[in-house]
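J.: please find the sequence and the predicted model below.
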Amino acid sequence: MKAIHLSTAGIDGLKICDISRPQPGYGEVLIRQHAVSLNYLDLALATGKFGAVSQPVIPGADSAGEIFGAVSQPVIPGADSAGEIVESGEGVEGWQIGERVVPGMMSHWHAGAIRSEHHQTLRGVTTNGGLAEYAVVPAKSLVRIPDFLNWQQAATLPIAATTAWNAIVRGKIQPGSTVLLLGTGGVSLFALQYAKAAGARVIIISSSDEKLDRVKALGADDGINYHEVPEWDQRVLKLTEGHGADLVLESVGGSTFAKSINAAAHNGTIFVIGFVGGAEVSMPVLPVMQKKLNIVGNNTGSTSDLRAAVRAIETSTIYPVIDRIFTFADTRKAYRYLEAAGHIGKVVISLDA
Ligand SMILES: NC(=O)c1ccc[n+]([C@@H]2O[C@H](COP(=O)([O-])OP(=O)(O)OC[C@H]3O[C@@H](n4cnc5c(N)ncnc54)[C@H](OP(=O)(O)O)[C@@H]3O)[C@@H](O)[C@H]2O)c1
């Protein structure tokens, strides 16, 4: 089968190769993959920002066998994919051949609280991921794709939609709430659509007026260009008559964290997910206490969280925002496009083209 291998650090380390098709074991299914969506995580892994490159394991093996933390590069990258079941292993119940599915990224975190062992099987990080014609995944990590979504749209769901959904739930967003989104990337665009479906007001900051116009057309209430208005936290307070944002989706990290705290409402939630602006944070503690802020970390989510996120997509008829679709042969171009950060929403690779 056709696959992408990441053998050395750097986008040029992504190479197309031909390897044997994997076989499903007990409790596993073989899926024919049709599309992959890229996440900042995939870029960080490929460029060595998420850990050092280790030796690739035997091609075709279903796990890189390394512990997350002493991160290895996966043989086959791509944390998010969509496909159809073509073969079932022993002990698989409740799934039919031909069903359209997305696998959760944290393959063995099915439901409930996260535990340390859940970090050991991350698709495209510690185990083989989406950039191959076929993949073996645990049946318990699967969620059905709503009929109205095509392969490319469905491939955007596992990481970005789950994370955005968890933020909306944890932030207790309801009609009248204010949500602040940092940037116009994949997670922000899902959060925008979920927040609007929940009746909230959405403020987005971005590097670009053109992107702000596009997200306003998609329902954002207010946009702030963070280059033109570096004190965007004060602008958020002004726009909300001093109230602040009930939920801040902190997808940037070091360069924004202190301002996110300033922009938050009393009893608000800072949902900490990202590090595109640095993984180390310096922040004032007094407003955290004075405003009784909830600072909540998130690690994507369980299969159960993905199922809830997909259910909300279905009931609210949310169409994922895809900026551009690349062919499999242009995988490196897709990574470089994400790296340039000119996109809004998701960047997708079609495995059928
Ligand atoms: N922990 C979790 O559960 C989890 C899950 C998913 C993602 N994440 C993380 O969340 C982050 C975002 O992921 P993504 O997939 O949405 O990324 P993405 O699609 O690559 O979007 C990143 C966006 O961040 C914005 N940005 C960059 N610097 C900024 C700054 N200083 N202030 C405001 N915005 C800034 C840019 O938007 P503009 O061009 O509009 O400025 C950029 O397009 C990443 O760090 C990713 O690893 C974490």
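T.: Arrived safely. Nothing here was measured: the structure is a model prediction, and the numbers come from that model.

J.: give me the spatial nearest neighbour of residue 229, chain neighbours excluded.
T.: Distances taken as Cβ to Cβ, 6 or more residues apart in numbering put residue 235 closest to residue 229, at 5.3 Å, once the chain neighbours are dropped. C-beta: built from backbone N, CA, C; applies to glycine.

J.: what about residue 250, distance to residue 167?
T.: Computed as Cβ to Cβ, to the nearest Å, the residue 250 to residue 167 distance reads 9 Å.

J.: which neighbours do those two have in common?
T.: 271, 273 (Cβ atoms under 8 Å, 6 or more residues apart in numbering).

J.: any idea of the pLDDT on the residue nearest to residue 229?
T.: pLDDT recorded at residue 235 is 98.

J.: in the chain, what residue is nearest the ligand?
T.: Here the residue of the chain nearest the ligand is residue 185; by Cβ to the nearest ligand atom that distance is 1.9 Å.

J.: so what's that residue up against?
T.: Contact partners of residue 185, counting by Cβ under 8 Å, 6+ apart, are 40, 251, 276, 341, 343, 344, 345.

J.: could those be laid out in CSV, adding secondary structure and pLDDT?
T.: CSV is the format used below for the contacts of residue 185 (DSSP: H, G, I helix; E, B strand; the rest coil; pLDDT from 0 to 100):
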residue, secondary structure, pLDDT
40, helix, 94
251, coil, 97
276, coil, 91
341, coil, 95
343, coil, 97
344, coil, 98
345, coil, 98
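
J.: also near the ligand: which of the residues you listed, exactly?
T.: Contacts with the ligand within those, as defined by Cβ under 6 Å from any ligand atom: 40, 251, 276, 341.

J.: now for these: which two are most distant?
T.: Taking Cβ to Cβ as the measure, those reach their widest spread between 251 and 341, a distance of 12.3 Å.

J.: of those two, which one has the most company?
T.: Neighbour comparison, residue 251 and residue 341: the larger count goes to residue 251, with 26 against 16 (by other Cβ atoms under 10 Å).

J.: these two touch, right, the more buried one and residue 188?
T.: Yes - assessed by Cβ atoms under 8 Å, residue 251 is found in contact with residue 188 at 6.4 Å.

J.: list the residues that contact both of the two?
T.: 181, 182.

J.: what's the neighbour count on the nearest residue to residue 246 once chain neighbours are set aside?
T.: Among residues not flanking residue 246 along the chain, residue 177 sits closest, at 4.5 Å (Cβ to Cβ, 6+ apart). If you count neighbours by other Cβ under 10 Å, residue 177 ends up with 20.
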